[in-house]
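[1] Prediction below, plus the sequence it came from.
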Amino acid sequence: ARIQAWAETCPENFSDMLCLVEAEVAQIDGRELEALGLYGQAAAKAREQGFIQNAAIADELCARFWERYGKSDLADIHLRKAHEGYTQWGAARKVKDLEARYAHLCAVPKPRAGVTAEVLDAGTIIKASQAISSELDGNALPSRIMSIMVENTGAQHGCIVLEEGGNLVVAAAVGCGVSEVKRPEPIALERADNVSMGVVHYVRRTRETLTLEDARADERFAGDLYIKQRQPRSVLCAPIIKQSGFLGVIYLESNLAAGVFTDERLQLVGFLSKQVGISIENARLFAERDSQARALAHEIAERREVEDALRKSEDLLSESEAVGHVGGWSINTNTMELTWTAETYRIHEVDSGFVPTVEAAIAFYDDESRPLIKRAVDRAIGFGEEFNLECEIVTAKGNRRAVHAIGRVASDGQRVYGFFQDISERAVSYT
């Protein structure tokens, strides 16, 4: 937190140190790609501000990072940069320490055939992995992956084969005279004409990267129809594997020469394939969540339509109750909870805050009617008998009213419900 505060206050002096600390934390947390990017940023910022000692430290730590993953060629690049930085800084003991642990630093490095600075440069790896990880569109991701792979490996042609529902499909292909080929629908591997089925199935079975220096001369695939017809020379096929299992393969080939895919390019593909696996799972998760969000939005819209229709229906029912002076009531026979409709409240002349109970409702009936309604309700609850009575109640305001009470029993016996009508006007007309 202190270094971060310093970096915010004076970035020209402390931003490189902050990147270096964050790189170490990311490496410990298992965020390898993020750590790699931060090591590069730390070294670049340190050199930009003239802190050659900090740049040397960043390169040394980055070299140790590559050593842990068995990438000695990439580690050597950063070790030599660290060695050069410590030498310029005048840290003689540190230079001797590096030379004692890495004797080859004393020798002049000889370039290996087929190895280019672009392939081994960590910046290229970071740029490619970031380009892959930034794509969340599941439809565009396969083509994006293959464009980056072909661009950075020297392949002439490549395709990505993904497992969908237990079947292998070619999701995208790049090359063969066309800069990019996007397929609106994946093509089954058996129907594809731009990839060796034998090579893909081999990698799917072994879950290991396969490199063919000259596919035409490899006896393992002598019977492969694609290799017979297309005669590819250099072939590289790497599995895409995540914790969820096998996701697919990256297939690359070149007809320029045999042995195009060197160890360094193999390492590059291996490293990027991990990011590919993460990106594919992220894209699928994003698509799944997007689909769920759309479904939820549709469900909410439908629910609102139902609620609006129900509200209109309730308003109409309320108006109908008021016109006909008919209310409703319901008793839960398990809890004995009583509910009234708005018109029932109006007939009893109680406000909306009144909480009706079975006992309180029966108490509204006059002395003559009370035993009749109590017996009717008890038998409806206890024996499932329905009732139809005309009685009198005394409202909360002391007004006497003639009422028609009808009781029904639900088919499951869990509820007794009915209607409650004010028939005072009718009773008066009869007298």
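    Yes, it's here. Remember, predicted model here, so these are calculated numbers, not experimental data.

[2] Now do the strands in the stretch 301-431 of the chain.
    Secondary structure of the stretch 301-431 of the chain (DSSP state E, counting those that start in this stretch): strands at 326-332, 337-340, 387-394, 400-409, 415-422.

[3] Which other helices and strands does the helix or strand containing residue 80 contact?
    Following DSSP states H and E, one finds residue 80 within helix 72-89. Contact here means 3 or more CB pairs under 8 Å, 6 or more residues apart in numbering; DSSP states H and E; on that basis helix 72-89 packs against helix 52-68, helix 92-101, helix 117-120, helix 122-133, helix 263-324. Placement of C-beta: from N, CA and C, glycine included.

[4] Can you mark which positions in that helix are buried?
    The neighbour-count check on helix 72-89 (16 or more other CB atoms under 10 Å) flags 74-86, 89 as buried.

[5] Equivalent analysis for stretch 240-251, please.
    Applying 16+ other CB under 10 Å to stretch 240-251 flags 240-241, 246-251 as buried.

[6] separation between the spatially closest residue to residue 216 that is not a sequence neighbour and residue 214?
    Nearest residue to residue 216, sequence neighbours excluded (CB to CB, 6 or more residues apart in numbering): residue 231, at 5.4 Å. Residue 231 is 10 Å from residue 214, where distance means CB to CB, to the nearest Å.

[7] who's more crowded, those two?
    More crowded of residue 231 and residue 214, by other CB atoms under 10 Å: residue 214, with 13 against 10.

[8] what residues are up against residue 205?
    For residue 205, the contact set (CB atoms under 8 Å, 6 or more residues apart in numbering) is empty.

[9] Local confidence estimate at it?
    Listed pLDDT for residue 205 reads 91.

[10] Now do the SS call for it.
    Classification of residue 205 using DSSP: H, G, I helix; E, B strand; the rest coil returns helix.

[11] What distance do you get for it to residue 89?
    Noted for residue 205: a distance of 52 Å to residue 89, by CB to CB.

[12] Between the buried residues of helix 72-89, which sits nearest residue 382?
    residue 74 (85.3 Å; CB to CB).

[13] Who are the contact partners of the nearest residue to that closest one once chain neighbours are set aside?
    Closest residue to residue 74 apart from its sequence neighbours, by CB to CB, 6+ apart: residue 66 at 4.3 Å. Contact analysis of residue 66 by CB under 8 Å, 6+ apart lists 72, 74-75, 78.

[14] from these, which is closest to residue 11?
    Among the contacts of residue 66, residue 78 lies closest to residue 11 (CB to CB), at 23.9 Å.

[15] give the contact list for the closest residue to that closest one other than its chain neighbours.
    In space, and not counting its chain neighbours, residue 78 is closest to residue 63: 3.9 Å by CB to CB, 6+ apart. Applying CB under 8 Å, 6+ apart to residue 63 gives the contacts 75-79, 82.

[16] again with residue 142
    160, 162, 171-172.

[17] what's the farthest-apart pair in those residues?
    The most widely separated members of the contacts of residue 142, counting by CB to CB, are 162 and 172 (9.1 Å).

[18] ok so, going back, tabulate the buried residues of helix 72-89 (CSV), appending pLDDT and distance to residue 98.
    Converted to CSV, the buried residues of helix 72-89 look like this (pLDDT from 0 to 100; distance: CB to CB, whole Å):
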residue, pLDDT, distance to residue 98
74, 79, 17
75, 83, 12
76, 84, 12
77, 83, 14
78, 86, 11
79, 88, 7
80, 86, 10
81, 87, 11
82, 89, 7
83, 88, 5
84, 86, 10
85, 86, 10
86, 86, 7
89, 81, 12
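
[19] nearest to residue 364, of the residues you listed?
    Once CB to CB is applied, the member of the buried residues of helix 72-89 that ends up nearest residue 364 is residue 74, at 89.2 Å.

[20] Please report how far that closest one lies from residue 36.
    10 Å.

[21] can you check residue 202 too?
    For residue 202, the distance to residue 36 equals 31 Å [CB to CB].

[22] Repeat that for residue 207.
    24 Å.

[23] same thing with residue 95?
    Relative to residue 36, residue 95 is positioned 25 Å away (CB to CB).

[24] out of those two, which sits in the busier spot?
    Higher neighbour count among residue 95 and residue 36: residue 36, with 23 against 20, using other CB under 10 Å.

[25] hmm, back to that, so for residue 162 and residue 172, which residue has more residues nearby?
    Taking other CB under 10 Å, residue 162 and residue 172 do not tie; residue 172 has more neighbours (24 against 21).

[26] Name the nearest residue to that one, ignoring sequence neighbours.
    Residue nearest to residue 172 in three dimensions, not counting chain neighbours: residue 142, with 3.6 Å by CB to CB, 6+ apart.

[27] And for residue 43?
    Per CB to CB, 6+ apart, closest to residue 43 is residue 58, 3.9 Å.

[28] wait, isn't that neighbour in contact with residue 37?
    No - between residue 58 and residue 37 there is no contact under CB atoms under 8 Å: 11.8 Å.
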